Structures are given as structure tokens and as C-alpha cells.
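K.L.:
missing the sequence, but the structure's below:
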């Protein structure tokens, strides 16, 4: 009986691991594809955005790591570079002002660059909520996880970003999920300008 229970537990764990809901294409415009799917045990969705830019991988990587230096002040919607904590690890800060009565949100993320091969780089994204002191006028996002995947072929780079973010507080899931298209689409549109 113990063996049966252990087997059932193992099968259940495997089902959780691979039981992701399928991706649904939500936007396909200007060479940018954005997919969403529900996250198990959450009311929130994660997104996956993809595009191809006619520039080498290194140019995309430099762009993703380039940001104004954080000095304690911030403009809504701008990503700031805080510090480098290791040879391949970087810390960023961003704040988003939201309309009253919703409280602003801010986030500190750690980006770890993994060079898989000469033509493939993965940037692991995770939350670092204590990376800088909390601010009184914003709710600090605690949970962020995802990655960027950059794959170069013949001088052209396929860019993929997958991300899950819990905005904390009482922000309705329907509002959060609606923003999953707008933000990534703008980011990827900006990346495409590198190839212009």
C-alpha cells in the first residue's frame, strides 16, 4: 500500500509539473506574437512574447542590459539599472504609477545572464524584493519569474520573453491579465526598432 501511495504522489507531482495549460495566441501583429496561459493555483496568467529582429544577438543583449542608473528617483514605466552583483548578474528597478484609487506598484528584479552557446543566451528573471528599500507610495511586487531567450541565426535574432508576475494587493486579476498584452507589445516594438 505504501508503494502505491508513493507512486500516486509521484504521478501527481509529475502532473503538476507538466500540467500547464496550453498557450493561447492573443496578438499577432507587426511580426510580434503574444501568448497567454493560466498559471496553476493562481487567478493570474503568464505571457510569452516572440519576435525576430534583423540584428545580431549581442546588440539585443546590450539593449536589454542598458538602462539609466537608479538614483532613488524614478519615472513611471522606466526600468533603472541598480547594480551588478556578480559577473553575470544584474539588478533592475521599475515603478508603475496607477490611477487612483489603485496604489502604485514597484519591482526589483535580478537578471542572470547564461550563455548557452555562441548563438544562444538565456536571461533568467527573478524577483529581488529586498534589493532596495521599500517606498511608501508603492506596493513592492514580491513574485516575478521568467526569462528572455535570444537565439541568433545568420545575423538575425529570435527573441522570446516568458514572464509571470503577481502584482500583489487587491488589483483584480481581470485588470492584471488585460495588461499582459500592452506592456510586452511595446517592449518588443521597441526592440524591433534596432533593426530599422
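P.N.:
Now that the structure is in, tell me what you want to look at. All of these numbers come straight from a predicted model, not from anything done at the bench. Residues are numbered from 1 along each chain as shown.

K.L.:
pretty sure residue 195 contacts residue 55?
P.N.:
Yes. Using C-beta atoms under 8 Å, residue 195 makes contact with residue 55 at a distance of 5.1 Å. Bear in mind the C-beta positions are built from the backbone N, C-alpha and C, glycine included.

K.L.:
For the helix ranked longest in the chain, the averaged confidence score.
P.N.:
Determined from DSSP state H, the single longest helix within the chain is helix 173-192. Mean per-residue pLDDT for helix 173-192: 83.

K.L.:
on contacts alone, who are the packing partners of it?
P.N.:
strand 24-29, strand 32-38, strand 45-53, strand 156-166 (3 or more C-beta pairs under 8 Å, 6 or more residues apart in numbering; DSSP states H and E).

K.L.:
Touching that helix from outside, list them.
P.N.:
Applying C-beta atoms under 8 Å, 6 or more residues apart in numbering, the contact partners of helix 173-192 are 26-27, 29-32, 34, 36, 43-47, 49, 51, 53, 60, 63, 159, 161, 163, 167.

K.L.:
Tell me which of the helices and strands packed on helix 173-192 sits most buried.
P.N.:
strand 45-53 (a mean of 21; mean count of other C-beta atoms under 10 Å).

K.L.:
Show me what it is packed up against.
P.N.:
Strand 45-53 packs on strand 32-38, strand 156-166, helix 173-192, going by 3+ C-beta pairs under 8 Å, 6+ apart.

K.L.:
hmm, back to that, in the longest helix of the chain, what counts as buried?
P.N.:
176, 177, 180, 181, 183, 184, 185, 187, 188, 191, 192 (16 or more other C-beta atoms under 10 Å).
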